[in-house]
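Engineer: only geometry, no sequence info:
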């Protein structure tokens, strides 16, 4: 089977196509040696191991367009790839060796920053970290922040509508996009690089491409909104009595100064215990372990804001009401980093604790406490001894409801039940009007869930749009939409 | 010609269709007497005077769906209509009497408000004013605010992606939508009434329908984001030396406390003089007339915020630097209203001053001063004595560049040159990377501009989407897309 696929991919047509691509892109613009292409063929989570006849590395929008045109003429499918950090195999290539990877990494120019307009024009291959730093140099803030920001590239971040820690305040990636440049499946270029805050001139195409996971077009550049940089930051770690108390604390913050809430992250006692056990130098700076924690970050560019004073008052009142049982406010940048480390090392700690199943789910904010309780109950019923580690963006209603194998149990046997576990969690999520994919998207992992969750008129609309824009189905096949 | 059209509209097919619609919607759900239907056939600006065989007034989503299905079976086109307040004939019916109007006014239920989630589920026919009041009763803020809010309905507000005064802070209508319910051209209902802040499960359909001006689907209900209500408001009227000074003042505000800027409106001395002359009890509370004005509103739900103190300091510094030459801060609600009246009566004052041509344009914020200077210069060259009255949302880069006939000149002769005037203004706008329609949309007035401004790949994408969702072209024909 694998041998057959290799032949089909390397048949005369592909050899001719690769020759034409090499001619157009130059020797630095195409990789065909498996030693070079293999790293592009495995996704970050190592869920998929594909093969490809070529990785294209165009250096300009015109090169992307020509490469797409050449592939389209041969009917060769293209998998666009940025930093390849998808959690759902969004940039994974198929096993049959018939799909060509188009990497955007050589398009890594910050084309310009306008600090008066507070906008940045940037190419798809710039990493999110590099984009943040470029904004910072212009004394602005690009507020998008995700764990993989050192590798994730702007094109992928937009194609998947990345979320992250600051969504509560600044929105998802979608909300930061003013303009886009996109290469379409027929090789035409749509130049929608506008930097206007108001522009009602036809269908909002940019929002169609954002979150379409490379199935409708290849994003080559974007205009992003920037914001004033915070002058003051205050970070607190709070022990709270229950998920309900965590929600009450969020409401107090919203009553107090909603515009200052930069992040509001929930962590469970179980997750914190794993972090303490498996991550060196990670220990909550509180008197005693708690069953539930909130990491709260306030930030503002406001001059003369006494964030710390306000936060002390707010937490004092919350302790009097019993909402918060213990709390510490960071005194320095080092202490802030130490508190954030407790949150950021959650995934790593779970990895070291054994096999785990991940659920990236969202519910209306008011229903997060119910979600946490009910999902834990059904999982514990299904797998006694399972360690439920819910954590994440409570302020957005987005919880990573991760499940770690029981202590000492067989990891593979646990993983064999992953669909069963996802299903019982999703049943609760559905009952609470939630979503089975909050910020990671659909990719190759979850298209099978689409008919049940987004079936009927919704999936039919998506299929019609896909057929209208990519009639031959050449862009990122097998992703997002079920076959 | 008109006689022929009347016949074609009233032929046997339509008579049968109207019978079936009457049966389904009940006698209260359909109007056919011209006495009843005529008011629906004229747009707010009185640019278009159409005829219709029937105005449908369904009272539920199921009735909308059935009405659409019945019309589709006969191939009858539908013009969806909310408050009929479009500035570009977006809900205008054709003159040939062949289009049926579907009014959403009987779907006027606020289905629910959740003050914890800060969301509101609301039907399309609720007026924006009623929606604001419902939010207020739940101690929340629905921040969208436009001049026509007393008549404009939520469905139309979303279908046209309305903007308004608070866009700078809260975004356009688009940015407030979490979920939608839409009846599609084949009568299918898409229930996308989710109230999630993160939900990456396929193409972002809601943003496709928002701003599509009823050409892709009929919005029947929506879930909107709400915000905490401001506890404190401060309004100032400032005289500034130039448009550049107005921009510098905006930057000072952003440096000072960007999250508090609720509105930042520019007005010219010429516009203010017309308001003073034609509107009773309207006079800027400043020592002397100025060449340029800024209306600045700060607002915050922050507890203990001393907005006024901060504003005094900010304006004091701006006066020292010469950015602001005179300023007054409102001392009471009545004074705030009096200052806002100067801005809100701009359109009315222009109407009383004679014939006028309106340009609803946007440019990058940094280019507004250049826009104002250059557009005024080309208009004055074309029509000596013309009165240029630029005003509006400087903070969004959105200026209503209105043109009033020369004093004592012939109004009709002036209006005969409207396209010429729009063209020279638009030439400047295009040179500044701007847009020919910032917040009013395309409607029936501006499709002819689309090929020049949005032609090529962009218009082709829009046409493909239209064909995919409404292959028979039955929803709001003649709007948004050029024929």
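Structural biologist: Yep, that arrived. Nothing here was measured: the structure is a model prediction, and the numbers come from that model.
Engineer: quick one: the helices in the stretch 351-483 of chain A, in order.
Structural biologist: A:368-382, A:411-415, A:418-431, A:450-454, A:457-469 (DSSP state H, counting those that start in this stretch).
Engineer: what residue in the stretch 101-250 of chain A comes nearest to chain B?
Structural biologist: Relative to chain B, the nearest point of the stretch 101-250 of chain A is residue A:207 (3.5 Å; C-beta to the nearest C-beta). (C-beta placed from N, C-alpha, C; glycine too.)
Engineer: now that residue. Nearest residue, chain neighbours left out?
Structural biologist: Excluding its sequence neighbours, the residue lying closest to residue A:207 (C-beta to C-beta, 6 or more residues apart in numbering or on different chains) is residue B:207, at 3.5 Å.
Engineer: in what helix or strand does the one you found lie?
Structural biologist: Using DSSP states H and E, residue B:207 maps to helix B:205-209.
Engineer: what mean pLDDT does that helix get?
Structural biologist: What helix B:205-209 shows for mean pLDDT is 98.
Engineer: what separates the spatially closest residue to residue A:354 that is not a sequence neighbour from residue A:381, distance-wise?
Structural biologist: In space, and not counting its chain neighbours, residue A:354 is closest to residue A:405: 4.3 Å by C-beta to C-beta, 6+ apart. As for residue A:405, its distance to residue A:381 is 16 Å (criterion: C-beta to C-beta, to the nearest Å).
Engineer: residue B:209 is in contact with the residue of the stretch 101-250 of chain A closest to chain B, correct?
Structural biologist: No. Using C-beta atoms under 8 Å, residue A:207 is not in contact with residue B:209, being 10.6 Å away.
Engineer: more neighbours: these two, which one.
Structural biologist: The neighbour count for residue A:207 versus residue B:209, taken as other C-beta atoms under 10 Å in any protein chain shown, is higher for residue B:209 (28 against 23).
Engineer: would CSV of the helices of the stretch 351-483 of chain A with mean pLDDT and mean neighbour count be doable?
Structural biologist: Shown next, in CSV, are these (pLDDT from 0 to 100; neighbours: other C-beta atoms under 10 Å in any protein chain shown):
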stretch, mean pLDDT, mean neighbour count
helix A:368-382, 98, 19
helix A:411-415, 95, 14
helix A:418-431, 96, 18
helix A:450-454, 96, 17
helix A:457-469, 98, 19
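Engineer: now those helices in CSV, with distance to chain B?
Structural biologist: Listed next are the helices of the stretch 351-483 of chain A as CSV, based on distance: least, C-beta to the nearest C-beta, whole Å:
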stretch, distance to chain B
helix A:368-382, 10
helix A:411-415, 24
helix A:418-431, 10
helix A:450-454, 6
helix A:457-469, 4
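Engineer: out of these, which is closest to residue A:120?
Structural biologist: Nearest to residue A:120, of all these, is helix A:457-469, at 26.8 Å by C-beta to C-beta.
Engineer: got the contact list for the residue of the stretch 101-250 of chain A closest to chain B?
Structural biologist: A:174, A:177, B:174, B:204, B:207, B:208 (C-beta atoms under 8 Å, 6 or more residues apart in numbering or on different chains).
Engineer: and if we set it to 10 Å?
Structural biologist: The contact partners of residue A:207, taken as C-beta atoms under 10 Å, 6 or more residues apart in numbering or on different chains, are A:161, A:174-175, A:177, A:180, B:174, B:203-208, B:210-211.
Engineer: in a markdown table: those, plus distance to residue A:258.
Structural biologist: Listed next are the contacts of residue A:207 as a markdown table, based on distance: C-beta to C-beta, whole Å:
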| residue | distance to residue A:258 |
| --- | --- |
| A:161 | 23 |
| A:174 | 21 |
| A:175 | 16 |
| A:177 | 24 |
| A:180 | 30 |
| B:174 | 21 |
| B:203 | 31 |
| B:204 | 25 |
| B:205 | 29 |
| B:206 | 24 |
| B:207 | 24 |
| B:208 | 30 |
| B:210 | 24 |
| B:211 | 27 |
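Engineer: nearest to residue A:324 among those?
Structural biologist: Nearest member of those to residue A:324, counting by C-beta to C-beta, is residue A:175, at 30.3 Å.
Engineer: the closest residue in space to the closest one that isn't next to it in sequence: how many residues sit nearby?
Structural biologist: Sequence neighbours aside, residue B:175 is the residue nearest to residue A:175 in space, at 6.8 Å (criterion: C-beta to C-beta, 6+ apart). Around residue B:175 sit 17 other residues, with neighbours defined as other C-beta under 10 Å.
Engineer: what's the answer for residue A:281, then?
Structural biologist: Look at residue A:281: counted by other C-beta under 10 Å, it has 6 neighbours.
Engineer: find the residue at the geometric middle of chain A.
Structural biologist: The centre of chain A sits closest to residue A:162, judged by C-alpha atoms, centre = their mean, with a distance of 3.9 Å.
Engineer: can you pull the contacts of it?
Structural biologist: So residue A:162 contacts A:85, A:128, A:144-146, A:148-149, A:152, A:154, A:156, A:172-174, A:176, A:210-211, A:439-441, B:200 (C-beta under 10 Å, 6+ apart).
Engineer: which ones among these lie within helices?
Structural biologist: A:128, A:154, A:156 (DSSP state H).
Engineer: contacting residues for the last one?
Structural biologist: Think residue A:156. Contact analysis of residue A:156 by C-beta under 10 Å, 6+ apart lists A:80-86, A:90-91, A:104, A:124-125, A:127-128, A:148, A:162, A:173, A:213-214, A:219.
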